[in-house]
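Trainee: can you look at this prediction? I've put the sequence above it.
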Amino acid sequence: MMPGAGTGIGPESGTGAVPESGTGAVPEPGTGTRPVSAGPLVQLPTVFGEFLAQAWIDGTTGAEHLTVSAAAPGATQQAARTPQPDGTPQSAVRAGAAPLVRLHSECLTGDVFGSYRCDCGEQLAYALQMIHAGGGTLIYLRGHEGRGIGLANKLRAYALQEAGADTVEANEQLGLPVDSRDYAAAAAILAELGLHRIRLMSNNPLKQSQLAALGIEVTEMVPTEVPSREQNVRYLETKRDRMNHILILPDHAGAASTGTAAKTPTITAASTAGPTSAKTPTTTPATKGKRQ
């Protein structure tokens, strides 16, 4: 089915309970369906360059998601809008390589207000730079605020973190799951776009395992680590140590003692290599979630 041509059917998983480790629940292959309906493709000019945007509605939850795509280098805007014979957007085609995809969970505080408590906003900017430079698709997933607990509960968790809890402990103290996100809608959107094999921009192996169970093959995990800060290094350490995220973090002892924050990444429309203080990501073969 071509993008924007009505309702598509994709795999689904339940949210279920989350283990104490915070790694999340992986859906059983072939469990249920998830209908998504697509809106029209529209142009989206941004500080990072020109994109094509498309809204999607989750027929099960009612959540409204967004895809933001860019054509591979050399493709024209018109070619990017013209699907392949099998319905795959031209933006997904790059010399036979699996297309670059980022599944970005909604984070109002980080994405909109630039909060330093997390790395979400900087990851979003970095992903858009990389996709604009090399082609690919970002899926902005609504309803994932606070790893699925919502904005109000996320701020309640922040208050507990200010009292000494880490991000996992705070959710547990509130009686909430550590990570209740599921990626069934994302998998259904990818299937509608014809993107069954992808290179995934993520530090989180759980996304890979969930997508695999939902019928999407991840051929490579492309790191999206941005520079950590004094304000978020404990949060990132918890994600690395308790939630199996693949992160390489510096020693922030000096910054903490002097009150000097980590260097702010420079985000510009002309930049195509990501934040200036971040290492250029190297793609690695998809793994089973083992730390590298």
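Mentor: Perfect, thanks for sending it. Numbering: from 1, shown residues only.

Trainee: please count neighbours and contacts with C-alpha atoms only from this point.
Mentor: Noted.

Trainee: list the helices and strands the strand or helix carrying Lys154 packs on?
Mentor: For Lys154, the element it lies in under DSSP states H and E is helix 151-162. Packing contacts for helix 151-162, counted by 3 or more CA pairs under 8 Å, 6 or more residues apart in numbering; DSSP states H and E, involve helix 145-148, helix 167-173.

Trainee: next secondary structure after the helix or strand of the chain with the lowest mean pLDDT?
Mentor: Counting by mean pLDDT, DSSP states H and E, the chain has its least confident helix or strand at strand 6-11, which shows a mean of 30. Going down the chain from strand 6-11, the next helix or strand is strand 33-38, by DSSP H and E.

Trainee: by contact count, what packs against the helix or strand just after that following strand?
Mentor: Under the assignment DSSP H and E, the closest C-terminal helix or strand after strand 33-38 is strand 42-46. Strand 42-46 is packed against strand 49-58, with contacts defined by 3+ CA pairs under 8 Å, 6+ apart.

Trainee: contacts for the strand it packs on?
Mentor: Residues outside strand 49-58 that contact it (CA atoms under 8 Å, 6 or more residues apart in numbering): 4, 34-45, 63-70, 81, 132, 185, 189, 269.

Trainee: how about 6 Å then?
Mentor: With CA atoms under 6 Å, 6 or more residues apart in numbering as the test, strand 49-58 has contacts from 36-44, 63-70.

Trainee: and if you look at stretch 132-145?
Mentor: Stretch 132-145 has contacts (CA under 6 Å, 6+ apart) with 65-72, 91-92, 99-107, 151, 272.

Trainee: and the end-to-end length of that stretch?
Mentor: Criterion CA to CA, to the nearest Å; first-to-last residue distance in stretch 132-145 is 25 Å.

Trainee: send me the host helix or strand of Thr219 as CSV with only the CA atoms.
Mentor: Element membership for Thr219 (DSSP H and E) is strand 217-222. The C-alpha trace of strand 217-222 is given here as CSV (Å, rounded to 0.1, in the frame of the first residue of the first chain):
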residue,chain,number,x,y,z
GLU,A,217,14.8,-6.5,10.7
VAL,A,218,17.4,-4.2,12.2
THR,A,219,20.6,-4.8,10.2
GLU,A,220,22.7,-2.3,12.1
MET,A,221,22.5,-0.2,15.3
VAL,A,222,23.8,3.3,14.7
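
Trainee: the helix or strand following it to helix 151-162, inter-axis angle?
Mentor: Using DSSP H and E, the helix or strand that follows strand 217-222 in sequence is helix 233-242. If you take axes from the mean of the first three to the mean of the last three CA atoms, to 10 degrees, helix 233-242 sits at 100 degrees to helix 151-162.

Trainee: for helix 233-242, packing partners?
Mentor: Under the contact criterion of 3 or more CA pairs under 6 Å, 6 or more residues apart in numbering; DSSP states H and E, helix 233-242 touches no helix or strand at all.

Trainee: mind listing what's buried along that helix?
Mentor: 233-240 (16 or more other CA atoms under 10 Å).

Trainee: of these, which is the nearest to Ala159?
Mentor: Using CA to CA, the shortest approach to Ala159 within the buried residues of helix 233-242 belongs to Tyr235, at 13.6 Å.

Trainee: ok, that closest one to Gly164 distance?
Mentor: Distance of Tyr235 to Gly164, given as CA to CA: 12 Å.

Trainee: next one: Leu151
Mentor: Separation of Leu151 from Gly164 (CA to CA): 20 Å.

Trainee: these two: who's more crowded?
Mentor: For Leu151 versus Gly164, neighbours defined as other CA atoms under 10 Å are more numerous around Leu151 (18 against 11).

Trainee: residue contacts, that one?
Mentor: Going by CA under 6 Å, 6+ apart, Leu151 touches Glu145.

Trainee: please apply the same query to Gly114.
Mentor: Residues near Gly114 by CA under 6 Å, 6+ apart: Gly121.

Trainee: at 8 Å instead, please
Mentor: For Gly114, the contact set (CA under 8 Å, 6+ apart) comprises 121-122.

Trainee: tell me the secondary structure at it.
Mentor: Here Gly114 is recorded as coil under DSSP: H, G, I helix; E, B strand; the rest coil.

Trainee: please tell me how far it sits from His104.
Mentor: Distance from Gly114 to His104, by CA to CA: 15 Å.

Trainee: ditto for Ser209
Mentor: From Ser209 across to His104, the span is 16 Å (CA to CA).

Trainee: equivalent analysis for Ser37, please.
Mentor: Between Ser37 and His104 the distance is 19 Å, computed by CA to CA.

Trainee: and if you look at Asp241?
Mentor: In this view, Asp241 and His104 are 21 Å apart by CA to CA.
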